[in-house]
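Sequence first, then the predicted structure:
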Amino acid sequence: MLKPFLHENIREAGCDEAGRGCLAGPVVAAAVILPSDYHHPLLNDSKQLKASVREKLRAEIESEAIAWAVGWVSNQEIDQINILKASFLAMHRAIEQLPQVPEHLLIDGNRFTPYPGIAHTCIVKGDSLYYSIAAASVLAKTYRDAFMSEQSQQYPHYQWQQNAGYPTLAHRQAIQAHGLSPLHRLSFRQLPDQLELF
């Protein structure tokens, strides 16, 4: 059973990201403020849910949340500042778009660049512990997956509609056969040692 809050009577926003380990595409983060009495029997870490369940939860979260927002950092920005900083930047971009300012941030993971003026708590595996972080994980993943599926129409070789840019064997074989797309992260090791780009 997920917990509704860390601090009672404080407006908390849960934050999580999706796409950190991908070879292509943006990293996407979400920030979500839920009512303190919110609960849902299916809501959990988005990686543990079927895509159809995530889509239903996305609509529910957007309807029931006090506030929510999604932040994006492009693959070019990832290459410039590195993926860890890009993940934090995506969270900052989500937080700054919230129509209500939270009093505390619940961050999935063990590190975070502090957001100006708002205290935070890092929680390892927070998306399986707190509703607001789980909700943020669902929004981040569904928005990112939808974007990568849309981009797969322009770059069909890489099968992003199935792998969302993650380093599957089929994705890496497509890179070997067709080279890199404009959405690939150049700072990432695109192919393992046994495969060659050329």
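Everything's here; your move.

can we go C-alpha only for contacts and neighbour counts from here?
Will do.

Residue 45 and residue 136 touch, don't they?
No. Contact criterion Cα atoms under 8 Å: residue 45 and residue 136 do not qualify, at 9.2 Å.

Roughly how far does the nearest residue to residue 190 once chain neighbours are set aside sit from residue 179?
Leaving out its chain neighbours, the residue that sits closest to residue 190 by Cα to Cα, 6 or more residues apart in numbering is residue 23, at 6.3 Å. Between residue 23 and residue 179 the computed distance is 13 Å (Cα to Cα, to the nearest Å).

So these two - more neighbours on which side?
The neighbour comparison of residue 23 against residue 179 (other Cα atoms under 10 Å) goes to residue 23, with 25 against 14.

Contact partners for that one?
With contact taken as Cα atoms under 8 Å, 6 or more residues apart in numbering, residue 23 is in contact with 165, 166, 167, 184, 185, 188, 189, 190.

Would you mind listing the residues in contact with the last one?
Residues in contact with residue 190 (Cα under 8 Å, 6+ apart) are 23, 167, 172, 175.

Include secondary structure and pLDDT when you put those residues into CSV, please.
Output for those, formatted as CSV (DSSP: H, G, I helix; E, B strand; the rest coil; pLDDT from 0 to 100):
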residue, secondary structure, pLDDT
23, coil, 97
167, coil, 95
172, helix, 94
175, helix, 95
